[in-house]
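S.K.: Test case, fold it:
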Amino acid sequence: MLYQVRKLVKKFGNTSVLKNINLEIKENEKIVIIGPSGSGKSTLLRCLNLLEKPTSGSIYYHGKNLDDKLYKNIQGKIGMVFQNYQLFDNLTVIDNLTLAPVLNKLMSKEEAISKARRYLRQIHLEDKENSYPMDLSGGQKQRVAIIRSLMMNPEVILFDEPTSALDPEMIGEVLSLILEVSKEKITMIVVTHELNFAQEFATRVIFMDHGKIVEEGDKEQIFKHPRTNRLQQFLSNIQ
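M.R.: Model (predicted):
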């Protein structure tokens, strides 16, 4: 089992954002988390790589308690793709891609450049390696952010609403890349409002509301045979 989440609670002040979350995630699963804004989706994602520390409860990664010490030892194994790209504005595309794997001694500078160029060719941005983020479109920035995560040879990549900051015409190119990456043996967990993408991508869908997991199952069950009134209402509103 890759992740085991037990009785996870996250509070900000007196506000409970996650309420007694229990969840198991197997290796190579492709999971989509859906739900209304403010339901705790992004907070759960951020807890899975310790960007947010749980208030109580436990998160286990490969059976070991996920704390600061373990996270340091598995540096790079948990990748994260943010809404707003989080590229270094003062670095070129090639330097954004090679910085972390070289600093973490996963590969030499020459190996990192070769790998980065291979990925850039795959996403048709090989002519942008010496460009800076300010010279890229939103869709290009997000595709670079995705392959930056892949540069670290991750076991899991967490995507926090990766298309929410994009213009409509750019959404498709980013979702297409995520679908392409999903063919690899990587666990992927995506928070998104793109339900058509979810139905194509997911092996399992989790529906959250008010800080709780209300319903989960395969995409057929969630989208065509929802059990709870709340999920039925959510899908009706979205569609």
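S.K.: what's the burial count for Gly63?
M.R.: Using other CB atoms under 10 Å, Gly63 has 8 neighbouring residues. For the C-beta atoms, the positions are set from N, CA and C on the backbone; glycine is no exception.
S.K.: Kindly report the same for the one 10 residues further on.
M.R.: By the other CB under 10 Å criterion, the neighbourhood of Asn73 contains 9 residues.
S.K.: how far away is it from Thr228?
M.R.: Here Asn73 is placed at a distance of 40 Å from Thr228 (CB to CB, to the nearest Å).
S.K.: How about Thr192?
M.R.: 20 Å.
S.K.: Compare these two (neighbour count), which wins?
M.R.: Thr192 (21 against 12).
S.K.: Can you name the element that comes right after the lowest-mean-pLDDT helix or strand in the chain?
M.R.: Sorting the helices and strands of the chain by mean pLDDT, DSSP states H and E puts helix 68-73 at the bottom, at a mean of 90. Once the chain leaves helix 68-73, the next helix or strand it forms, by DSSP states H and E, is strand 78-81.
S.K.: Extract the C-alpha set from the helix or strand following that next one and format it as CSV.
M.R.: Downstream of strand 78-81, the next assigned helix or strand under DSSP H and E is helix 93-103. Provided in CSV are the C-alpha atoms of helix 93-103 (Å, rounded to 0.1, in the frame of the first residue of the first chain):
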residue,chain,number,x,y,z
VAL,A,93,13.2,26.4,-18.6
ILE,A,94,16.1,24.0,-18.8
ASP,A,95,17.4,25.3,-15.4
ASN,A,96,14.0,25.0,-13.8
LEU,A,97,14.0,21.3,-15.0
THR,A,98,17.5,20.4,-14.0
LEU,A,99,17.9,22.2,-10.7
ALA,A,100,16.3,19.8,-8.3
PRO,A,101,17.6,16.5,-9.6
VAL,A,102,21.1,17.8,-9.7
LEU,A,103,21.0,19.4,-6.2
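S.K.: Give me the mean pLDDT for helix 93-103.
M.R.: The pLDDT scores in helix 93-103 average 97.
S.K.: helices or strands next to that helix in the packing?
M.R.: Packed against helix 93-103 by the contact rule (3 or more CB pairs under 8 Å, 6 or more residues apart in numbering; DSSP states H and E) you find helix 109-122, helix 138-150.
S.K.: Now do the strands in the chain.
M.R.: 3-12, 15-25, 30-34, 56-61, 64-65, 78-81, 156-160, 187-191, 204-209, 212-217 (DSSP state E).
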